[in-house]
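Chemist: Any chance you can model this:
(chains A and B)
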Number of protein chains: 2
Amino acid sequence: MREGWVDKAALEADKPSGPVLHFGKDNPLHMEAGVALAPFQLAYQTYGALNADKSNAILICHALTGDQHVASPNPVTGKPGWWANLVGPAKIIDTDRFFVICSNVLGGCLGSTGPATLNPATGAPYALELPVITIRDMVRAQAMLVDHFGIDQLFAVVGGSMGGMQVLEWASSYPERVFAALPIATGARHSSQNIAFHEVGRQAVMADPNWHGGRYLAAGTRPQKGLAVARMAAHITYLSEPALHRKFGRTLQDREALTFGFDADFQIESYLRHQGLTFVDRFDANSYLYMTRAMDYFDLAADHGGRLSEAFKGTRTRFCFVSFTSDWLFPTSESREVVHALNASGASVSFVEIETDRGHDAFLLDEPEMFGAVDGFLRSAARARGLAR
Amino acid sequence: MREGWVDKAALEADKPSGPVLHFGKDNPLHMEAGVALAPFQLAYQTYGALNADKSNAILICHALTGDQHVASPNPVTGKPGWWANLVGPAKIIDTDRFFVICSNVLGGCLGSTGPATLNPATGAPYALELPVITIRDMVRAQAMLVDHFGIDQLFAVVGGSMGGMQVLEWASSYPERVFAALPIATGARHSSQNIAFHEVGRQAVMADPNWHGGRYLAAGTRPQKGLAVARMAAHITYLSEPALHRKFGRTLQDREALTFGFDADFQIESYLRHQGLTFVDRFDANSYLYMTRAMDYFDLAADHGGRLSEAFKGTRTRFCFVSFTSDWLFPTSESREVVHALNASGASVSFVEIETDRGHDAFLLDEPEMFGAVDGFLRSAARARGLAR
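Modeler: Residues are numbered from 1 along each chain as shown, chains lettered A, B, ... in the order given. Model (predicted):
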């Protein structure tokens, strides 16, 4: 690690600057791996105020490397919340009207129990001794947080990518507790190609000798090079080929001509290296393994005898799916499959496919059509829920 | 390296079991990097016999990790030649009729001068002291090999992927020396996304501490883990999402249920790991850096004032392009761009897009439509060249 550099990520993982909910031995999390996890904790943020009948809560679920700081500055990077353009006072998800909850997922590295947390049984960080976490485990933990607020039914559950998987799991596991569900750029399972890219990332981390079989914190190292390579590979999948062509093409980086060497001659190389380098400052390598595994394991149909419609049988939740034309990680066809299953369950579903060349990452960007879809859906749901002003 | 294991790849790189052509100090290769390389050598294979007027020679150019063993067993892996289903006696590229030449490209690791070759100036392997090699450099070296056989004009130059780039470079640099050109699954430049994937691979190699800044041979190590990760990432790009879904889907590997761990639960993970592991036994990591860089640098339009049609001005070569519908590394649009440029140059061009879900790798597979296209084009060209029986 760099000399004299304050490891803000480690500080936040250890003692988050925001609120934390502790669950003791009397309140374990029953995990899909067959283990009861206790104690454990969830770090979270809330925005706005819960109304008297507790009917205005929106749970936002974050993506693979996201966190609870959806609408307030990230304490590690100092950057604005990751959905600050969508969530806040007078924004589309209006915190003057709604009570917004966002928790760092179980297995994360910004204050919730994860592989960097000390295992009370050993006094050392869990590393790979933490059981593999599933999307359902994340959602069960979130449900315990929602219980803590005394909220029976969430007005809405919203999220993109891995956050969208959580939305689908919420609607499937707790249909009575979700009035409206808004999964964005996601699917009901991780495809073979997506598993393949995640496996490359995991192998890159594990190939780094500083990973030490997962026990790098005890060894005083971090597998930063491996994690940077993992991030670079993943980052390509978040963008579309046309957008890469438009933004970078074959443009050279601060030079007139090719250097005939292995430096970053092309802007795209420089950009990717930057993505890798900045990521390792804010993210824990083992958490990355757990998050990718959670996505790979997600398969809502398999959890219901191979029939996706069974996952939503009799649901009264209203759904709005959003997909992006150039998203090749979660193409529209993946959303459409879930929409068809919901149609087969007789559910109320709308589906918006947005024309953009910005790829999977579009869900995190200033994407007016997405904002419009979220706005329209939430307004309509709010009226139905009696929340309209 | 494994104890007691014979490093066949190193033996073949050092003293190839097939023919080698040596170029002395009086016959240097003038490289695009501005350096004259001498001495250097090319390892090659030939099949069939050159006819009396030397008009029946076909040069086959290999892809990124290919080699000269196009139609005879590979001495390292023991496997059949990489295009043995297409090239051989009574095959479509019939070695009873044609004299087939295939050389290990400059920068390769199966006997031609590459980064593992001893630098006569230092007595140590070149490592990164070898100048960066371009597709044009590879083709210039091949032209010197063709000179050695006294061949003025090749009947055909054929190749896929990086081999296809060489075909285009041949047709552009030596239009009088190429009667027919058959570029498959390729393009006139490497796209931003393709550069990005290559950069991930290079960073994976360079992140491996066993890479030693490229001097791993002197250190008695090999960056096998990094190279395996690079291969895994690249391998995903050679396949298509539908083919991965068809072949692997979410099928588990030799187990009934998920293990809730980081072993290869899914077949796709096991398959990818195998691809990585077998690759490092046959390929040199620095060669991988040089080969990927050569592809990244390739931009035939940029070499001709930004106008691709200028690259083929006045050409009399007849062309046949082959692309595959599911190839997302070199999509049909890349072939079409070159075809349009050739049309603008008034060239004779045919273009076959083949419907398949096998992705970029289709050019290496038993793909009947591709075989048909190659057969038809070569027959027609042979008649035009007076080679028909």
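
Chemist: closest point of the stretch 251-389 of chain A to chain B, which residue?
Modeler: For the stretch 251-389 of chain A and chain B, the shortest gap (CB to the nearest CB) falls at residue A:260, measuring 4.1 Å. Heads up, the C-betas are built off the backbone N, CA and C, glycines and all.

Chemist: That residue contacts residue B:130, correct?
Modeler: No. Judged on CB atoms under 8 Å, residue A:260 makes no contact with residue B:130 at a distance of 10.6 Å.

Chemist: more neighbours, the two?
Modeler: Shown here are residue A:260 and residue B:130; by other CB atoms under 10 Å in any protein chain shown, residue B:130 has more neighbours (25 against 18).

Chemist: Disregarding flanking residues, what is the spatial nearest neighbour of residue A:188?
Modeler: Using CB to CB, 6 or more residues apart in numbering or on different chains and skipping the chain neighbours, the partner closest in space to residue A:188 is residue A:300 (4.2 Å).

Chemist: which ones are touching that neighbour?
Modeler: By CB atoms under 8 Å, 6 or more residues apart in numbering or on different chains, the contact list for residue A:300 reads A:168-169, A:172, A:188-189, A:308, A:311, A:338.

Chemist: please redo it, this time with the cut-off set to 6 Å
Modeler: A:168, A:188, A:311 (CB atoms under 6 Å, 6 or more residues apart in numbering or on different chains).

Chemist: Now, the residues you listed that are in helices?
Modeler: Per DSSP state H, helices hold the following members of the contacts of residue A:300: residue A:168.

Chemist: Could you dump the contacts of residue A:300 into TSV with pLDDT added?
Modeler: Rendered in TSV, the data for the contacts of residue A:300 read as follows (pLDDT from 0 to 100):
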residue	pLDDT
A:168	98
A:188	98
A:311	97
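
Chemist: How much space separates the spatially most central residue of chain A from chain B?
Modeler: Centroid-nearest residue in chain A: residue A:63, 1.4 Å away (criterion: CA atoms, centre = their mean). Distance of residue A:63 to chain B, computed by CB to the nearest CB, to the nearest Å: 20 Å.

Chemist: Equivalent analysis for residue A:141, please.
Modeler: 16 Å.

Chemist: so which strand or helix has that residue?
Modeler: Following DSSP states H and E, one finds residue A:141 within helix A:135-148.

Chemist: That helix packs against which elements?
Modeler: On a contact count with 3 or more CB pairs under 6 Å, 6 or more residues apart in numbering or on different chains; DSSP states H and E, helix A:135-148 meets helix A:162-173.

Chemist: what sits up against the helix or strand just after the helix it packs on?
Modeler: Following helix A:162-173 in sequence order, the next helix or strand is strand A:178-184 (DSSP H and E). For strand A:178-184, contacts defined as CB under 6 Å, 6+ apart pick out A:153-158, A:160, A:164, A:167-168, A:170-171, A:317-322, A:363, A:381, A:385.

Chemist: So in that sheet, which strands flank strand A:178-184, and in what orientation?
Modeler: When pairing is defined by DSSP bridges, strand A:178-184 lines up against strand A:154-160 (parallel), strand A:318-324 (parallel).

Chemist: Save those as TSV, and put in mean neighbour count and mean pLDDT too.
Modeler: Output for the strands paired with strand A:178-184, formatted as TSV (neighbours: other CB atoms under 10 Å in any protein chain shown; pLDDT from 0 to 100):
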stretch	mean neighbour count	mean pLDDT
strand A:154-160	28	98
strand A:318-324	26	98
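
Chemist: Residue A:28: what's it in contact with?
Modeler: Applying CB under 6 Å, 6+ apart, one finds that residue A:28 lies in contact with A:36-38.

Chemist: out of those residues, which are inside helices?
Modeler: Counting by DSSP H, no part of the contacts of residue A:28 is found in helices.

Chemist: Weed out the non-buried ones from those residues.
Modeler: By neighbour count, with 16 or more other CB atoms under 10 Å in any protein chain shown, the contacts of residue A:28 hold residue A:37 as buried.

Chemist: Apart from its chain neighbours, what residue comes closest to residue A:169?
Modeler: The shortest distance from residue A:169 to any non-neighbouring residue, by CB to CB, 6+ apart, is to residue A:139 (4.5 Å).

Chemist: per-residue confidence at the one you found?
Modeler: Residue A:139 is assigned a predicted lDDT (pLDDT) of 98.

Chemist: any idea how far it is from residue A:29?
Modeler: 11 Å (CB to CB, to the nearest Å).

Chemist: Please identify which of these two sits among more neighbours.
Modeler: Set side by side, residue A:139 and residue A:29 show more neighbours around residue A:139, with 25 against 22, by other CB under 10 Å.

Chemist: got the contact list for that one?
Modeler: A:166, A:169-170, A:173.

Chemist: Including neighbour count and pLDDT, could the residues you listed go into JSON lines?
Modeler: Output for those, formatted as JSON lines (neighbours: other CB under 10 Å; pLDDT from 0 to 100):
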{"residue": "A:166", "neighbour count": "28", "pLDDT": "98"}
{"residue": "A:169", "neighbour count": "26", "pLDDT": "98"}
{"residue": "A:170", "neighbour count": "27", "pLDDT": "98"}
{"residue": "A:173", "neighbour count": "17", "pLDDT": "98"}
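
Chemist: Flag the shaky bits of chain A, pLDDT-wise.
Modeler: Filtered on pLDDT under 70, chain A yields the residue ranges A:1-6, A:389.

Chemist: Residues of it that sit close to chain B?
Modeler: A:33, A:132, A:192-193, A:195-196, A:199-200, A:203-204, A:207, A:209, A:225, A:229, A:232-233, A:236, A:241, A:244-245, A:248-249, A:258, A:260, A:266, A:268-269, A:272, A:297 (CB under 6 Å from any CB of the partner chain).

Chemist: count of residues packed around residue A:365?
Modeler: Going by other CB under 10 Å, the residues that sit close to residue A:365 add up to 12.

Chemist: Tell me how far it lies from residue B:102.
Modeler: Distance from residue A:365 to residue B:102, by CB to CB: 48 Å.

Chemist: And for residue A:176, the neighbour number?
Modeler: Residues lying near residue A:176 (other CB under 10 Å) number 10.

Chemist: If you drop the residues flanking it in sequence, what lies closest to it?
Modeler: Per CB to CB, 6+ apart, closest to residue A:176 is residue A:153, 6.7 Å.

Chemist: residues near that neighbour, how many?
Modeler: 15.

Chemist: so it makes contact with residue A:177?
Modeler: Yes. Shown here, residue A:153 and residue A:177 form a contact pair, counting by CB atoms under 6 Å, at 5.1 Å.

Chemist: one step back: closest one of the contacts of residue A:300 to residue A:286?
Modeler: If you rank these by distance to residue A:286 using CB to CB, residue A:168 comes first, at 25.7 Å.

Chemist: Could you check how many residues crowd around that closest one?
Modeler: Neighbour count of residue A:168, defined by other CB under 10 Å: 29.

Chemist: Also residue A:116?
Modeler: With other CB under 10 Å as criterion, residue A:116 counts 21.
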